[in-house]
Structures are given as C-alpha cells and as structure tokens.
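**Q** Okay, structure incoming, though there's no sequence with it:
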Ligand SMILES: NC(=O)C1=CN([C@@H]2O[C@H](COP(=O)(O)OP(=O)(O)OC[C@H]3O[C@@H](n4cnc5c(N)ncnc54)[C@H](O)[C@@H]3O)[C@@H](O)[C@H]2O)C=CC1
Ligand SMILES: O=C(O)C(=O)COP(=O)(O)O
C-alpha cells in the first residue's frame with residue numbers, strides 16, 4: 001500500500017520566517033529558565049505534503065481574507081461566487097481536500113460519498129445544519145464553523161426590523177418609490193416600552209437583548225436551557241408564555257428536528273393580536289403558509305423574514321413561483337419585510353469569518369489540530385520545534401472502541417512517544433502522537449500498519 005499523495009511527507013522541516021508570538025509555549029520551554037538553560041528553538045512547521053498538491057474548493061463567495069490566507073499557504077484554491085448544482089458539486093468535490101461553503105450548499109451523505117480525498121469542511125458561517133455532521137465524522141472529515149463572528153450583524157438587522165415594522169417603513173418606502181405620498185400615523189408605534197420576546201438566547205439572542213434594552217424595550221426570552229439573563233431581561237418557562245406576552249417575537253434557534261415548524265398555526269394564534277414576527281434563524285423554523293394566513297387574517301401586524309424554507313442558490317431575479325408556491329403569497333403581504341438571507345452579510349462579519357475559519361483549516365491541514373471542530377473531539381498538541389528534526393506526528397481517526405490505543409501504541413512502540421493525546425466524541429475517536437527518531441524511510445511502513453487496523457477511519461502523517 002502506498003501513502004496517498006496528500007500525506008506524503010516531502011520536506012522535512014520548514015522554519016517559519018516570522019517567529020511565532022507564542023514561541024515559548026510552542027517550544028514547550030518556560031521563558032523563566034532563560035535561554036542558556038533551555039535554548040528556545042523556533043517552531044517547526046510540519047509539512048504533511050507538498051502544499052501545492054492540496055486542493056481547496058471555495059463556494060458561495062467566501063470572503064477574500066480566507067482566499068488569500070489559503071493561497072499564501074501554497075494550496076490550490078478554486079473559487080466560485082455561488083453554490084453549485086448537485087450534479088456539478090459531486091464532480092467538483094471528488095478530488096478536493098477541503099471544501100469551504102456558507103449556508104446554501106448541502107453536504108449530504110450522498111454528496112460526501114463522492115469525495116475521495118476530503119480532509120475537512122469549512123462552514124464560513126454559524127449554522128452547520130447544511131452538513132451531515134455525523135456522516136462526515138464517520139468518514140474522518142472534520143468540520144469547522146465560525147460560532148459568533150456574524151452574531152452582532154444579525155442582532156443589528158433585527159433591531160432595524162423592529163423599528164421598520166413598527167413604523168411600517170417597508171410599505172412607506174415602496175409607496176414613495178411608486179410615486180405615492182401617504183402621510184399617516186395610524187398603526188405606527190414607538191418601540192420604547194414594548195416587549196421583545198427572544199426565542200433562543202444564544203450568541204445572537206443575548207446580543208440582541210442588550211441592544212433592545214438600550215433602546216427602552218423590555219426583554220423576555222425562552223430557551224431550552226436555563227441561562228443567565230443579561231440586564232433586566234427575564235427568562236420565561238415556556239414558549240406559550242413568551243408568545244402571549246410579546247409585542248415582537250424574534251427567532252434565534254438552530255435548525256434541528258425540534259425547531260422544525262416551531263412556529264406553526266397554534267403558536268401564531270397564541271401570539272398577541274397586532275404583534276410582529278421576525279425570523280432570521282432558518283426557514284424551516286416557521287410554517288410559512290400558516291404565517292401568510294395569520295397576516296391575511298390581520299392577527300399579526302407585520303413580519304420580517306430573512307430566511308425561507310427554500311432559497312435560491314445564486315443571485316438573480318429568482319424569488320418567484322418557480323422557487324416555491326408560497327413566494328407569490330409572501331410577496332403580496334403588506335408590512336412584511338423580505339431580505340435575501342443577509343443577516344450575517346456585513347463586511348466586518350465576513351472578514352472575521354474568513355480569517356477564523358481559514359485559520360482553523362490551515363491549522364488542521366498543517367498540524368492536525370481540531371480545536372473549534374464541530375463534529376470531532378477537540379485535540380491539539382504543542383508544536384514541534386526545529387530541534388525535533390526527525391519527529392513524526394501521527395494522526396489516527398478511528399472507531400471509538402476498546403483496545404484500539406493499545407494496538408496503535410504497539411505499532412508506534414519502537415519509538416519514543418514524546419507526547420500523545422486522544423479524545424472521543426460518540427463513536428469517533430481522534431488520536432494524535434509525536435514520536436521521535438523516525439527515519440524518513442520508516443514512515444511508509446508505520447502508515448501501512450495503521451491503515452490495516454479494522455478500527456481505522458483515517459490515518460495522516462505529518463513529518
Ligand atoms: N440570517 C442569517 O444570516 C444568520 C442566521 N443564523 C442562524 O441563527 C441561529 C442561532 O445562532 P446563534 O445565536 O449563534 O446560536 P447559538 O447556538 O449561540 O444559540 C442558539 C440558542 O437556541 C437555543 N435553542 C435550541 N433549541 C431550542 C428550542 N427548541 N427552543 C428554544 N431555544 C432553543 C439553544 O439552547 C441556544 O441557546 C444559527 O443556528 C443559524 O441558523 C446565524 C447567523 C446568521
Ligand atoms: O451564519 C449563518 O448561519 C448564516 O445563516 C449566514 O449564512 P451565509 O453565510 O450568509 O450564507
């Protein structure tokens with residue numbers, strides 16, 4: 001058996017041109033001993049492969065920060081501004097090592113089955129519902145996201161929408177664009193003193209809570225876990241209590257089986273007459289037909305939707321009945337603000353996400369570090385130094401069952417295991433070890449021995 005091309009160690013050591021700011025930590029040497037005791041060797045950058053062989057596919061207009069970061073590493077980066085049709089996606093994913101996506105691209109088990117060399121997936125967004133995380137882990141594919149870089153942008157959009165709905169600004173602006181001057185104050189309100197009900201008090205919900213209170217609103221929230229309320233906000237016991245007490249209900253839950261149609265006919269009826277609904281979480285959280293009914297009956301006074309049960313894969317004049325039957329109904333509703341999933345679309349958020357997820361991918365490819373992974377145990381080892389010239393870093397992703405580590409250590413046993421870390425998450429375990437005094441010629445043999453273990457999911461060797 002030969003080592004796949006992407007993990008063939010081609011160069012022994014490459015010294016970083018700029019010293020790492022945490023060189024002391026990485027070198028594993030305490031600065032307090034002084035250089036004469038333990039000379040501080042520069043960090044060794046592991047090179048698992050010829051970096052030029054690493055292929056990265058970036059879809060959905062991922063920010064240039066990420067593209068530049070990945071290109072600087074020497075990887076081959078293919079960039080697309082939109083997501084791809086499934087037939088094109090399965091072709092493109094076949095031989096890439098990393099795929100970068102946002103919220104549109106669905107990486108289902110059947111799509112992932114076409115990926116023959118995939119090491120990692122970067123979700124350049126918060127949500128990871130578009131990826132079959134379990135199946136990816138089963139295939140040894142590590143998934144990263146950006147858990148909070150766009151939270152503030154979403155919270156700011158929601159604040160804007162609360163005011164816009166309250167003053168019917170969407171409709172007023174539309175009338176003016178069509179030449180109508182219609183000055184009225186009926187059914188227009190201040191937001192001061194009104195109740196904002198937040199469903200899901202995580203990164204976005206809690207940030208929104210602070211902004212809303214600073215504008216004089218009273219905040220209630222409902223979450224499935226007990227959470228510390230910020231400021232004067234108050235957690236309520238159940239969703240019904242929140243719906244019955246709020247002037248504005250805003251949704252900030254992830255897409256899960258439990259949140260599917262979380263707001264349906266019953267919940268809409270339970271909302272106060274004349275209240276408003278805002279959804280910038282996922283389209284599946286609201287039963288859109290029921291929402292149209294609640295708007296048409298006059299029970300709700302308005303709604304703002306940033307996400308939809310079905311969304312176009314690219315920009316263009318495609319928000320019409322070809323996308324879904326409900327589109328025409330939604331477009332016809334008064335005081336309903338429609339935005340094309342732009343909650344996290346700000347320059348600040350996209351740049352931060354680009355460097356966060358891009359950085360996590362580089363660390364994973366070059367050193368095996370899984371910190372920040374959403375479907376793998378989080379494992380890291382301090383960096384090797386250039387002094388540790390003939391060290392080999394072994395990464396073994398395997399099924400989590402008794403006896404595997406004993407088998408692995410038997411294989412590595414002729415070498416000193418300088419450091420080792422292993423952790424598991426459900427059925428999957430991730431082991432990383434640095435072993436010393438390994439001849440380049442031995443790497444192939446060690447690799448082959450690990451590859452034939454029945455528990456093996458993926459073996460990587462960094463030298
Ligand atoms: N429109 C857009 O552009 C964006 C949309 N999002 C969406 O917003 C969602 C929330 O984002 P974050 O606040 O960062 O997530 P988070 O994980 O920080 O918070 C989610 C909260 O929802 C709670 N929760 C889960 N299930 C619940 C249920 N059934 N009922 C009540 N609470 C429940 C959780 O306990 C958690 O506190 C993301 O999962 C994503 O789908 C995120 C960013 C941008
Ligand atoms: O971060 C998220 O979960 C979002 O929904 C934002 O998605 P986007 O990056 O705009 O496709």
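**A** Looks like it came in fine. This structure is a prediction, so every number in the text was calculated from the model and none was measured. Numbers count the residues shown, from 1 in each chain. Ligands and ions are numbered 1, 2, ... in the order given.
**Q** ok, residue 277 touching residue 285?
**A** No: under the criterion of CB atoms under 8 Å, residue 277 is not in contact with residue 285, lying 10.5 Å apart. The way it works is simple: take the backbone N, C-alpha and C, and place the C-beta from them, glycine included.
**Q** Find the residues that touch each one of the two.
**A** Residues touching both residue 277 and residue 285 by CB atoms under 8 Å, 6 or more residues apart in numbering: 251, 263.
**Q** The two: which is more packed in?
**A** More crowded of residue 277 and residue 285, by other CB atoms under 10 Å: residue 277, with 27 against 23.
**Q** got the buried residues for the host helix or strand of that one?
**A** Secondary structure assigned from DSSP states H and E places residue 277 in strand 275-279. Under the neighbour-count criterion of 16 or more other CB atoms under 10 Å, strand 275-279 has 275-279 buried.
**Q** can you put the residues you listed in TSV and add distance to residue 241?
**A** Formatted as TSV, the buried residues of strand 275-279 follow (distance: CB to CB, whole Å):
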residue	distance to residue 241
275	14
276	18
277	16
278	19
279	20
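**Q** what's the first-to-last distance across stretch 90-99?
**A** From its first residue to its last, stretch 90-99 covers 12 Å (CA to CA, to the nearest Å).
**Q** Can you point out the buried residues in it?
**A** The neighbour-count check on stretch 90-99 (16+ other CB under 10 Å) flags 90, 92-93, 96-99 as buried.
**Q** so can I have TSV of those showing pLDDT?
**A** Formatted as TSV, those follow (pLDDT from 0 to 100):
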residue	pLDDT
90	98
92	97
93	98
96	98
97	97
98	98
99	98
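**Q** In strands, which of the residues you listed appear?
**A** The strands, defined by DSSP state E, take in 98-99 from the buried residues of stretch 90-99.
**Q** Of the buried residues of stretch 90-99, which is the nearest to ligand 1?
**A** Nearest to ligand 1 out of the buried residues of stretch 90-99 is residue 99 (CB to the nearest ligand atom; 19.4 Å).
**Q** Which residue is the nearest non-sequential neighbour of the closest one?
**A** Leaving out its chain neighbours, the residue that sits closest to residue 99 by CB to CB, 6 or more residues apart in numbering is residue 57, at 4.9 Å.
**Q** just to revisit the earlier point, mind giving me the packing neighbours of the helix or strand following the strand holding residue 277?
**A** Per DSSP H and E, the first helix or strand lying C-terminal to strand 275-279 is helix 288-296. Under the contact criterion of 3 or more CB pairs under 8 Å, 6 or more residues apart in numbering; DSSP states H and E, helix 288-296 touches helix 265-270, strand 300-305, helix 326-331.
**Q** Now do helix 288-296 against strand 300-305, angle only.
**A** Helix 288-296 and strand 300-305 are oriented at 140 degrees to each other (axes from the mean of the first three to the mean of the last three CA atoms, to 10 degrees).
**Q** what's the angle between helix 288-296 and strand 275-279?
**A** 150 degrees.
**Q** roughly how far out does stretch 257-266 sit from the chain middle?
**A** Distance, stretch centre to chain centre, for stretch 257-266: 23 Å (CA atoms, centre = their mean, to the nearest Å).
**Q** can you check stretch 82-94 too?
**A** On the basis of CA atoms, centre = their mean, stretch 82-94 is displaced by 20 Å from the centre of the chain it belongs to.
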